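Peer 1: turn this into a model:
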Amino acid sequence: MRLRGDFNFSSGDGPGPHRPIDVSLASPDFIALRDVPPLFVRTLLLAEDTGFYGHRASTFANYPPRCLTNWSRGGAARGASTITQQLAKNLFLSRDKQLGRKLQELAITFLLESALGKDRILRST
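Peer 2: Below you'll find the predicted structure:
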């Protein structure tokens with residue numbers, strides 16, 4: 001299954017130049033998941049979403065402790081997004097840190113998880 005086919009992604013967020021990213025199999029930057037060293041994949045999952053293969057879409061248990069950390073530090077110090085939520089945000093939404101955007105992200109995340117398998121989601125990130 002493919003996400004609407006090939007496309008160019010440009011975040012436009014933050015300072016500095018923004019190079020569009022070719023998201024396709026023909027991209028010179030494309031690396032098949034089977035060619036990524038397994039240790040790198042495990043390290044990515046440990047850093048970003050330890051329960052990736054065990055949860056559906058979101059890990060609601062992450063929100064309270066991360067919100068407390070952010071509140072105690074006076075800002076967004078820690079995220080609580082799963083890899084699928086990060087994919088939803090990067091493909092379809094802004095980086096706005098508002099509750100409404102987070103709810104949109106959550107809805108898209110459930111759609112992505114129901115339409116794509118975990119390996120396909122991981123290949124898209």
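
Peer 1: going forward, measure contacts between C-alpha atoms and count neighbours the same way
Peer 2: Noted.

Peer 1: strands of the protein, residue ranges please.
Peer 2: Using DSSP state E, the strands of the chain run over residues 7-9, 21-23.

Peer 1: list the buried residues for the last one?
Peer 2: By that I understand strand 21-23. By neighbour count, and taking 16 or more other CA atoms under 10 Å as the criterion, the buried residues in strand 21-23 are 22-23.

Peer 1: sheet partners, orientation included, of it?
Peer 2: Applying DSSP bridges to the sheet, strand 21-23 is found paired with strand 7-9 (antiparallel).

Peer 1: nearest to Arg95, of the strands of the chain?
Peer 2: Distance to Arg95, taken as CA to CA, is lowest for strand 7-9 among the strands of the chain, at 13.9 Å.

Peer 1: one step back: of the strands of the chain, which is nearest Ile108?
Peer 2: Closest approach to Ile108 among these is made by strand 7-9 (17.7 Å; CA to CA).

Peer 1: show the pLDDT at the residue at minimal distance from the centre of the chain.
Peer 2: Among the residues of the chain, the smallest C-alpha distance to the mean C-alpha position (CA atoms, centre = their mean) belongs to Gln86, namely 2.0 Å. Listed pLDDT for Gln86 reads 87.

Peer 1: just to revisit the earlier point, among the strands of the chain, which gets the worst mean confidence?
Peer 2: Mean pLDDT values for the strands of the chain show the minimum at strand 7-9, a mean of 73.

Peer 1: can you tell me what sits against that one?
Peer 2: Contacts of strand 7-9 from elsewhere in the structure, counted by CA atoms under 8 Å, 6 or more residues apart in numbering, are 20-24, 91.

Peer 1: appreciated, that's everything.
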